[in-house]
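below are the sequence and a predicted model; questions follow.
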Amino acid sequence: MPKHPSSGKYAIVGLGVVAGAQPDRSERMIAAEAARLAIEDAGLTRKDITGAVDLRRSGGGGDRASYSDAFTRVLGLNNNYYYINGRGGALAGLGMATAMSFIDRGISDYVCLMGAVTDWSQAQESKKKGYRGMAHSEKRGYWGKFVGDSVAVSHHSWMAARHMAVYGTTSEQLGAIAVSQRQWANLNPEAKMYGRPMTIEDHQNSPLLAEPYHILDMSLVSDGAVAFILTTAERAKDLKSKAVYVLGQGFGEVSSTVWWDKKNFTHMAVEPAKKQAFGQAGIELKDIDCVQFYDCFTAEVLFQIEDYGFCKKGEGGAFVAAGNMAPGGTIPINTSGGLLSCYHLGDLTGLAESVRQVRGQAGQRQIKDCEIVMTTGHGGELVSPGMCSIHTCTILGSQP
Amino acid sequence: MSQSNVITITAEWKKPRPSIDHDNVEFWDGLKEHKFLIWKCKTCGTSYWPKAYCQNHDNEPFAANMDWVPAKGTGKIFAFNIHHTAFNPGFKEELPYYYALIELDEGPLVSSTLIGDKRPKNIYDIGQKVEVVYEDHPNEGFTIPKFRIID
């Protein structure tokens, strides 16, 4: 298939990761540190970075969009612009799409994109006050906290429940996703759950938080930061690290087509995003060597496996139970352990892993001859009664 | 209806308060009068909840071609979950609670908790007919809609 002229024109040339609990550090410090690591990894200096993007889940949380703690000041970047970009877990995809326009017009040679969270540390503080997790008060326009709506936990467990009721999917099959990702995490020393194997029995015996979801169906609450440097393919040639080329990007919103017909409870907005991203890259599903699906909860992985066409709709349960996404399976999915078993930094978790896989830096979990990888993002404001609207798809490759 | 569909609670409210704003104040006022209002298109009759522009054709400014009208107050369970943990301590005494997506007879989905004696057998057991129950909180100045299985 012919490629779009933009395919392979931009590349990621540096990666910085700060992983693990950071109870004694501020968000801006871990943010700045990840950015410093990314710049160093690219073989660049701070003065080379002329643009900065702070990747935040501003849509869902609301409170994260506006307060002032630009990591660029802390680090001392010479950036001409700094902005906040992101929506729920769709951070890296949106940030890259916007940053590329600055590069394209010659405004920036190198852009540093960074996302940081201290959710785990904040949850520890919250726990002391008798709350669990990220308890917020009801936001304007939202619905349901007054009857015990727990936002993502409530809404995503409905989606799993609906898929189970419509297609006969079982909790054990969802557990197979968690177990597969745990197997990957056990090949990744950076993963929170490294060295902690898990079985389907462990999944089934773990506490039910919002049935059908056990705690082991849910993503981690993490501290950490991921930053990466984006530039042109031309400049990437002269740098010390192996360039990872952006081959295509696509976006979809469930609100555009499947909101009123209620399909969004068993589907993601994959169709338009896949068409755009695959079309730009000139690839088909079979060309993809490994996938980092957004996995806030187990069923989101299941939906995407089906929606991208790795199996038919409704057959995802059997597909994952047969070990297809696990190490040694037919399509490696969430090879770092993902949000479920590595760490939760939105779609930056998947993006960091994709970069490493293409560079051949994934250690024991390295996919052989890994040339084309797919990373997805998902998220957005939960419009009552429950919807994470956006789906993003980013195709990266080893060749432009 | 065989049972009363109104419950009055005077105990102090220790949970998050509902977000009542310009878009939904009429809906919340309707609940106090024990009406479940939905947002209906005067042109094609399609119903929405929450408030939206009609998706089927052009609209007048600010969706002025639409209006709040009482729904039947019945529907069926589209999906539900069972919360076994209280992320907000105000819900500890209700655990485990069934939090359901209800497909109203008019079409829209709305979520609330199930009350009454009947509960789905398991997570696959959906489609039961439900009716709205109005939980009045006179000291707080609002009414919360909940649902009860009726078949």
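Cool, got the structure. Quick caveat: nothing in here was measured; it's all calculated off a predicted structure.

alpha carbons only for contacts and neighbour counts from here, please
Noted.

got a list of what residue A:106 touches?
Not one residue lies near residue A:106 by CA atoms under 8 Å, 6 or more residues apart in numbering or on different chains.

residue A:232 versus that one, what's the distance?
With distances taken as CA to CA, to the nearest Å, residue A:106 is found 10 Å from residue A:232.

if you drop the residues flanking it in sequence, what lies closest to the residue sitting nearest the centre point of chain A?
Nearest to the geometric centre of chain A sits residue A:347, at 1.5 Å (CA atoms, centre = their mean). Distances taken as CA to CA, 6 or more residues apart in numbering or on different chains place residue A:377 nearest to residue A:347, at 5.0 Å, with adjacent residues excluded.

helix, strand, or coil at that neighbour?
strand (DSSP: H, G, I helix; E, B strand; the rest coil).

is the lowest-mean-pLDDT helix or strand in chain B in proximity to chain A?
Among the helices and strands of chain B, strand B:47-48 carries the lowest confidence by mean pLDDT, DSSP states H and E, at a mean of 91. No: applying CA under 8 Å from any CA of the partner chain, one finds strand B:47-48 separated from chain A by no less than 8.5 Å.

name the helices or strands packed onto that strand?
Strand B:47-48 is packed against strand B:37-41, with contacts defined by 3 or more CA pairs under 8 Å, 6 or more residues apart in numbering or on different chains; DSSP states H and E.

got the residues of chain B near chain A?
Residues of chain B lying close to chain A by CA under 8 Å from any CA are B:15-21, B:23, B:50, B:78-89, B:91, B:99-101, B:108-113, B:123-126.

mind giving me the PyMOL select for these, buried ones only?
Written as a PyMOL command, the selection of buried residues from these, which uses 16 or more other CA atoms under 10 Å in any protein chain shown, is:
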select buried, chain B and resi 16+18+19+20+50+78+79+80+81+82+83+84+85+86+87+88+89+91+99+100+101+108+109+110+111+112+113+123+124+126
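
where does chain B have low pLDDT?
B:1-3 (pLDDT under 70).

the strands in it, which residues?
With strands called from DSSP state E, chain B shows them at B:6-8, B:37-41, B:47-48, B:66-70, B:74-83, B:97-104, B:109-115, B:129-137, B:142-149.

the inter-axis angle of the second one versus strand B:66-70?
Orientation check (axes from the mean of the first three to the mean of the last three CA atoms, to 10 degrees): strand B:37-41 against strand B:66-70 gives 140 degrees.

any idea which element residue A:165 lies in?
Per DSSP states H and E: residue A:165 is located in helix A:152-167.

C-terminal to that helix, what's the next element?
Counting by DSSP H and E, what follows helix A:152-167 is helix A:171-185.

how far does the helix or strand that that next one is followed by sit from the chain's center?
If you walk from helix A:171-185 toward the C-terminus, the next helix or strand you reach (DSSP H and E) is helix A:200-205. With CA atoms, centre = their mean, to the nearest Å as the basis, helix A:200-205 stands 25 Å off its chain's centre.

report the buried residues of helix A:200-205.
Of the residues in helix A:200-205, those buried (16+ other CA under 10 Å) are A:200, A:203-204.

mind putting the residues you listed in a markdown table, pLDDT and distance to chain B included?
Output for the buried residues of helix A:200-205, formatted as a markdown table (pLDDT from 0 to 100; distance: CA to the nearest CA, whole Å):
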| residue | pLDDT | distance to chain B |
| --- | --- | --- |
| A:200 | 98 | 19 |
| A:203 | 98 | 16 |
| A:204 | 98 | 15 |
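
show me the shaky parts of chain A.
Ranges of chain A meeting pLDDT under 70: A:1, A:58-69, A:131-141, A:256-261, A:380-387.

now do the contacts for residue A:313.
A:306-307.

just the CA trace of stretch A:108-124, in PDB.
Provided in PDB are the C-alpha atoms of stretch A:108-124 (Å, rounded to 0.1, in the frame of the first residue of the first chain):
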ATOM      1  CA  SER A 108      11.000  23.800  16.600                       C
ATOM      2  CA  ASP A 109      13.800  21.400  15.700                       C
ATOM      3  CA  TYR A 110      13.400  19.300  18.800                       C
ATOM      4  CA  VAL A 111      10.300  19.100  21.000                       C
ATOM      5  CA  CYS A 112      10.300  17.500  24.400                       C
ATOM      6  CA  LEU A 113       7.000  15.800  25.300                       C
ATOM      7  CA  MET A 114       6.600  14.700  28.900                       C
ATOM      8  CA  GLY A 115       3.900  13.300  31.200                       C
ATOM      9  CA  ALA A 116       4.300  12.800  34.900                       C
ATOM     10  CA  VAL A 117       2.000  11.600  37.800                       C
ATOM     11  CA  THR A 118       2.200  11.200  41.500                       C
ATOM     12  CA  ASP A 119      -1.100   9.300  41.800                       C
ATOM     13  CA  TRP A 120       0.300   6.600  44.100                       C
ATOM     14  CA  SER A 121       1.700   9.100  46.600                       C
ATOM     15  CA  GLN A 122      -1.500  11.100  46.500                       C
ATOM     16  CA  ALA A 123      -3.500   8.000  47.100                       C
ATOM     17  CA  GLN A 124      -1.500   7.200  50.200                       C
END
